[in-house]
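Asks: Okay, predicted coordinates and the sequence, questions at the end:
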Amino acid sequence: WGEQKTDKVTFVFHALYFLVISSRFVTLANKDVNQAGRTKLDRERLKSCMREMDSMGQQAKQIRTQVKKNTFRDKLKLAQNFLQRLRFLADEPQHSIPDVFVWMMSNNKRVAYARIPSKDILYSIVDEETGKDCGKVKAVFLKLPGKKGFGPAGWTVQAKLELYLWLGLNKQRKDFLSGLPNGFEEIKAAKMSPCLHSVPPVSLIYNMKQVFQLRAHMYQARSLFAADSSGLSDPFARVFFSTHSQVTEVLSETLCPTWDQLLVFDDVELFGEASELRDDPPIIVVEIFDQDTVGKAEFIGRTFAKPTIKMCDEHYGPPRFPPQLEYYQIYRGNCTAGELLAAFELLQIGQGGRADLPPLEGPTDSERGPILPVPLGIRPILSRYRIEVLFWGLRDLKRINLAQVDRPRVDIECAGRGVQSALIQNYKKNPNFSTLVKWFEVDLPENELLHPPLNIRVVDCRAFGRYILVGSHAVTSLRRFIYSAPDKTSNNWATAGTEEEGDKEKKKKKKKKKGGVEEEEETDESVLDWWSKYFASIETLKEQRHILSLDVFLCLVQVYNKELETEYGNFEDWLHTFNLYRGKAGDDDEHALDDDRIVGRFKGSLCMYKLPLSEEITREAGFDPNMGMFQSIPHNDPINVLVRVYVVRATDLHPADINGKADPYVVIKLGKSEVKDKENYISKQLNPVFGKSFDIEATFPMESMLTVSVYDWDLVGTDDLIGETKIDLENRFYSKYRATCGISSNYSVHGYNVWRDPMKPSQILAKLCKDGKIDVPHYGPGGKVKVASRIFQGQTEIEDENGLKKQTEEHLALTVLNHWEEIPRLGCKLVPEHVETRPLLNPDKPGIEQGRIEMWVDMFPMDMPAPGPAIDISPRKPKRYELRVIIWNTDEVILEDDDYFTGEKSSDIFVRGWLKGQQEDKQDTDVHYHSLTGEGNFNWRFVFPFDYLMAEEKIVISKKESMFSWDETEYKIPPRLTLQVWDADHFSADDFLGAIELDLNRFPRGAKTAKQCSLDMIRNEQELPTISIFKQKRVKGWWPFVARDENDEMELTGKVEAELHLVTAEEAEKSPVGLGRNEPDPLEKPNRPDTSLMWFLSPLKSIRYFIWHNYRWLILKVLGLILLLLMLGLFLYSIPGYLVKKMLGA
């Protein structure tokens, strides 16, 4: 498996092949087994196993062919899954042999016990079927019996036994000592029963024993369980090996103790052959305890290790010696309680005694007394590091012992060294620190993986000099805080912005070439608003660009379907947030959420670097030695800010009312300020469009956590919280990504894309250059600008409201800002004009998303020029339209009725129509009675008024859900016109014949004649060119009526000639029309055939028509036959007289 990477693939291939073969073998083998003595459970289990084995064999056969280098990992997971299933099948559901119990007694009391599963020690002559611990010396740990064995009390080991266990059939008893280490003599009982040839010996005398020295290099533990109320522990380690045990020294008040101690166990006697011990050495148990001044030491956790063995005939040297430090996971019950960094070596003492062993260094530190340090070859190489700490402030500290935190301080500790922050004198007034940067020096391993965690502790200074722990945080990895010098060699000369301009020019030419048609479709600038930009930007509504004919000149807004923080690394580019957790971790906290343990947040940062620091950095112009690596950090004095929150809409809200809906409204909280928009709640909506902006003045840092909540309005009782989202505005405000106000893609001084920031792009660019200590931008001729050795291109003209063009540098500056990440050394992607989507969460339902809210936040410092008015993002008002549908004719409508008198097929046709969502306003034509051919003439007009949102392509309907509803509910539905053809009946329900539904935004163009109208217009709707009534305004043609037959297949049931005419409410008012054929603008009466008259109005006419229409050929044939018979009769009547005359010669 391990020699070459390609062997892995072969190994998995063969393992799967073996599974295929063995599944067949097991199936065949079980057919021959004697069925006697098997219970129903055994038989059913066997069937189940067979099915599973067969199933696995089939799957393995398929997977085997797919094992390749690139798919190796996936297939290995599947193979491991097979192994899990096999292990599950192998375990008996009902154990027929009871388990073995080992009890430790004291004064006839049961003190501790161990339970050993009998299947693990069961013997079999087939090696593969033998239990894993059968015939082996095994370390067994005894635990407390009963309820005492559960919880922290039961985690400590009561005793460790080394047992040799063998369980087998009586006839196999001669093999019971076969697994013992070699080199022993048996002492049997004096009296031997004649029938027993072999009985267990009373005792064993080992004449073969090996003497070893164990060296336990206890270097460090990290992230230990906090056992004291101070949030720290006073840890020491106890090492157990064979019958020996030793302890390290106690290090007070730390969770990352660096013992740096070598524990030597001399003259450890182990029995058995040297080769056996080398292959399977005994295990070492390490237990970590917390030393308490009063009472017993408290158990923290336990770990197990196996030593590296050196026999006396082996050389002490690479690659195995000296052993490397390894991490061992410490467990407390089922939970992890830290890690131990240690190494263990077991050295055999030969004939020469201890003198032959590698020499030990003596104690090096006089203060520590006779304690041996970890030798140099094993102890990591240490370097001097400086850790600089930026102390910014503390946030959201909860009460401790019912008292509020008033004078907190932060203590930083790493590897026994640390630093304390300045004391915050009044947490309520200003939770920021007065001294920003402090540092301390510490010796740390050069290997980053061995770096100890850094502990952040917050304490509150109480009366009489008492310090109470508020919370703590362990930074497990310091890697992200290691300082790396910026690369100054990179000098990228390039140009940007040219491609965009070229694209725009091409697009412009395209527009001109197309001429008239394109001009018609082009959207008027005055019609565009913020929603045009928003809908054009949403990926899910990409077709909107086509509908609105939005070209490249429409500036888009970046819509994130996640929080802005996830896109920009929580805005922790220099200011990090560390959650502080409650002091002493309780054992029940494994069930509690981490969020419940959070007692506040520490804001600051760390910077770590090796000493000495290169002089290049310290010599830089403007280098402040007090700030260390945190140069050009803004001051943390309180600052007044205008916060402008835009809430666009919410989606997929959790229903809050019995009817499965909600009546949502927005509440904004920032510090003590709260804005409720209760009066503007949106009735019965789970996807409400708010379109609101809210202005709140705040003072950072006291008021920096913005909460945007969505509540459900209730007529009676208190309103319910649906969900809320929290935004840390402070990190955004100070971030180098400039999240205060998004940078738009284009600069404009008027219209829908007006520049929002009080600072113009050129001012923003100049400030960024100044802060980054680079030269100010150099604007050159030909629309070029040079910033930090990079050249950008862009427009130099801008249109004002009157259409006059002026020279400006703003477009150039904006091009640089949009490509700021390309600037060497200090470049990063600036936050664009955006809409972020944030999940709404409810504290009562932790972890379950209650909906999502689309919003963004702008922030403007109050000491800067005031920003302009907020952008109007209020929801678009729907436009009133009127759809006029004239039903001219129908043709080939299927005939449903049979005539009473003649059995003739006919239909009494009428057409019904409505707009989707307005079924109660459906309209019917008059009836064309007794159509015998499926043809109907109507000349009938339907009029459908409706409200329409062009941007969303939806009809807006407002109506009360029921008579008990408090207010109207707004629905948005797609505009679809439904036309149906029916057969009218006088004494029974009308018969439905067929229908067609037309999407008014995209429906097939009507056929010019009834013959050209076919079922393909519906079947191939996707392939046919479509038209929109909102663009065409007037359309006339033939469309098919369809219905489903018994086989659920579409069949043509008729054709309708209709004319659709769309007019706005204003146009409808100017040229009104009547319903049906009424005034104004009446339609002509249809010219219907006489047959459509009813029997009782003109029965003779109807009879004449029916007889002639149906039986005319029969009538003609009968008349012809009668004439023929008359002629024949006349001929026969006159022929005798004629013959007599001829014969007589008359």
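Replies: Yep, that arrived. Residues are numbered from 1 along each chain as shown.

Asks: Could I get the full set of helices for the stretch 801-950 of the chain?
Replies: 810-818 (DSSP state H, counting those that start in this stretch).

Asks: All the strands of it, residue numbers only.
Replies: In the stretch 801-950 of the chain, the strands defined using DSSP state E, counting those that start in this stretch lie at 805-807, 834-842, 845-861, 879-891, 897-898, 905-915, 923-924, 928-931, 936-949.

Asks: As CSV, those with distance to residue 108 would be great.
Replies: To be clear about C-beta, it is placed using only N, CA and C from the backbone, and glycine gets the same treatment. Listed next are the strands of the stretch 801-950 of the chain as CSV, based on distance: least, CB to CB, whole Å:
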stretch, distance to residue 108
strand 805-807, 105
strand 834-842, 59
strand 845-861, 52
strand 879-891, 95
strand 897-898, 104
strand 905-915, 92
strand 923-924, 99
strand 928-931, 109
strand 936-949, 88
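
Asks: out of these, which comes closest to residue 330?
Replies: Evaluated with CB to CB, those place strand 845-861 nearest to residue 330, the distance being 28.4 Å.

Asks: Walk me through which strands that closest one pairs with, and which way each runs.
Replies: Sheet pairing of strand 845-861 (DSSP bridges) gives strand 639-651 (antiparallel), strand 834-842 (antiparallel).

Asks: For residue 705, find the nearest of those strands.
Replies: Taking the strands paired with strand 845-861 one by one with CB to CB, strand 639-651 is closest: 11.3 Å.

Asks: can I have the helix or strand following the closest one written out in PDB, keeping just the CAs?
Replies: Next along the chain after strand 639-651, taking DSSP states H and E as the criterion, comes strand 664-670. In PDB, the C-alpha atoms belonging to strand 664-670 read as follows (Å, rounded to 0.1, in the frame of the first residue of the first chain):
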ATOM      1  CA  PRO A 664     -44.200  42.000   7.900                       C
ATOM      2  CA  TYR A 665     -42.700  45.300   8.700                       C
ATOM      3  CA  VAL A 666     -39.200  46.500   9.400                       C
ATOM      4  CA  VAL A 667     -37.600  47.600  12.600                       C
ATOM      5  CA  ILE A 668     -34.100  49.200  12.700                       C
ATOM      6  CA  LYS A 669     -32.100  49.300  16.000                       C
ATOM      7  CA  LEU A 670     -28.800  51.000  16.500                       C
END
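
Asks: what does strand 664-670 rub up against?
Replies: Strand 664-670 is contacted by residues 643, 645, 647, 650, 653, 674-678, 680-682, 685, 688, 690, 692, 694, 696, 698, 703, 705-713, 719, 722, 729 when judged by CB atoms under 8 Å, 6 or more residues apart in numbering.

Asks: report the angle between the axes of it and strand 639-651?
Replies: 160 degrees (axes from the mean of the first three to the mean of the last three CA atoms, to 10 degrees).

Asks: What helices and strands are in contact with the next helix or strand after strand 664-670?
Replies: Proceeding N to C from strand 664-670, the next assigned helix or strand is strand 673-676, under DSSP H and E. Counting contacts by 3 or more CB pairs under 8 Å, 6 or more residues apart in numbering; DSSP states H and E, strand 673-676 is packed against strand 664-670, strand 689-700.

Asks: just those: most buried one?
Replies: strand 664-670 (a mean of 22; mean count of other CB atoms under 10 Å).

Asks: mean confidence for it?
Replies: Strand 664-670 shows a mean pLDDT of 95.

Asks: Direction included, what does it pair against?
Replies: Checking strand 664-670 against DSSP bridges gives partners strand 673-676 (antiparallel), strand 705-712 (antiparallel).

Asks: Spatially, what comes nearest to residue 276 if we skip its sequence neighbours?
Replies: Counting by CB to CB, 6 or more residues apart in numbering, residue 181 is the residue found nearest to residue 276 once chain neighbours are left out, at 5.6 Å.

Asks: State the three-state secondary structure for that neighbour.
Replies: coil (DSSP: H, G, I helix; E, B strand; the rest coil).

Asks: In this protein, what helix or strand scores lowest on average pLDDT?
Replies: When the helices and strands of the chain are compared on mean pLDDT, DSSP states H and E, helix 516-521 comes out lowest with a mean of 36.

Asks: next structured bit after that one?
Replies: helix 530-537.

Asks: What about residue 638? Give its phi and psi, please.
Replies: phi -60, psi 140 (degrees, to the nearest 10).

Asks: Start at 56, not 1
Replies: Yes, from this point I'll number from 56; that puts the last item at residue 693.

Asks: So among the contacts of strand 719-725, which ones count as buried?
Replies: For the contacts of strand 719-725, a neighbour count by 16 or more other CB atoms under 10 Å gives the buried set as 698, 700, 702, 705, 708, 732, 736-737, 740, 743, 745, 747, 749, 751, 753, 758, 760-761, 763-768, 774, 777, 784.

Asks: which regions of the stretch 456-605 of the chain sit below the pLDDT cut-off?
Replies: For the stretch 456-605 of the chain, applying pLDDT under 70 flags the ranges 541-582, 594-605.

Asks: what ranges do the strands span in it?
Replies: Under DSSP E, counting those that start in this stretch, the stretch 456-605 of the chain gives strands at 463-469, 472-475, 492-500, 509-516, 522-530, 550-551.

Asks: Could you dump the ones you listed into CSV and include mean neighbour count?
Replies: Below are the strands of the stretch 456-605 of the chain laid out as CSV (neighbours: other CB atoms under 10 Å):
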stretch, mean neighbour count
strand 463-469, 22
strand 472-475, 16
strand 492-500, 17
strand 509-516, 23
strand 522-530, 21
strand 550-551, 14
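
Asks: and residue 70, helix, strand or coil?
Replies: Per three-state DSSP, the secondary structure class of residue 70 is helix.

Asks: Could you verify my assumption that it touches residue 134?
Replies: Yes. With contact defined as CB atoms under 8 Å, residue 70 reaches residue 134; the gap is 6.0 Å.

Asks: Spell out which helix or strand contains the residue most central in space within the chain, please.
Replies: Central residue of the chain (CA atoms, centre = their mean): residue 617, 9.3 Å from the mean position. Using DSSP H and E, residue 617 falls within no helix or strand.
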